[in-house]
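1. here are the coordinates; sequence isn't available:
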Ligand code: FES
C-alpha cells in the first residue's frame, strides 16, 4: 500500500533531529490522530534555507512526509519553500493512500509554521503566508 519511496523515507528518515538556534521552528498537530510534527529551519541572510531538521511523533507516513519535506525545502528560498504544498510532498514520495493524505498536510503546515516563526522573529512579512491556525506549542506546555 505504500510506495518504495515512502518506505525508504520511513526506514531511513533524512534530517531527523533538532537545530540549535533555528531561524524558525514550527510545531503542528492533528487533533484526530494525535500526531505531532516539528520542523526546524536554518535560513541565511539571503533568505535561503540552509538546513532543515524534523522531529515527528506520529505515524509512518508522517515520518516519511517530514523527511521528504525537509529534503525539499533545503536550498530553497523562503518564497519557494512556501510553494511546497502537501501535494508536492506526496508526489515526491510517489503518492500516499487516501487515509494518509492528512499526514502530508501536517508537513506543509509545519513548514509554514516554521516560516511564520522566522518571519515574526525578523519582523518580516512573507507574502501569502498565513498565521498557523493554532499554536500547538502552548498546548504542549499545558
Ligand atoms: Fe495522523 Fe499520519 S495518521 S499524521
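-> Yep, it's here. All figures in this text were calculated on a predicted structure; none of them were measured in a lab.

2. and residue 89, helix, strand or coil?
-> helix (DSSP: H, G, I helix; E, B strand; the rest coil).

3. Around the ligand, which positions in the chain sit nearby?
-> 30, 33, 35, 58, 59, 61, 62, 100, 102, 103, 106 (CB under 6 Å from any ligand atom). Bear in mind the C-beta positions are built from the backbone N, C-alpha and C, glycine included.

4. Let's have those residues in CSV, adding neighbour count.
-> Supplementary listing: the residues of the chain next to the ligand in CSV, determined by neighbours: other CB atoms under 10 Å:
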residue, neighbour count
30, 18
33, 15
35, 19
58, 19
59, 19
61, 26
62, 26
100, 21
102, 18
103, 28
106, 27
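
5. Tell me which of those residues fall in helices.
-> 61, 62, 102, 103, 106 (DSSP state H).

6. Identify, from these, the entry nearest to residue 120.
-> Comparing these against residue 120 with CB to CB places residue 106 closest, at 20.7 Å.

7. Correct me if wrong: the closest one contacts residue 59.
-> No: with contact defined as CB atoms under 8 Å, residue 106 does not count as touching residue 59 (9.7 Å).

8. which residues do the two both contact?
-> Common neighbours of residue 106 and residue 59 (criterion: CB atoms under 8 Å, 6 or more residues apart in numbering): residue 35.

9. before we move on, back to that, I'd like the ones in helices among the residues of the chain next to the ligand written out as CSV, with pLDDT added.
-> Output for those, formatted as CSV (pLDDT from 0 to 100):
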residue, pLDDT
61, 97
62, 98
102, 95
103, 97
106, 96
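
10. any idea where the helices of this protein begin and end?
-> Under DSSP H, the chain gives helices at 4-11, 60-73, 78-82, 86-92, 101-121, 136-141.

11. With that, I have no additional questions.
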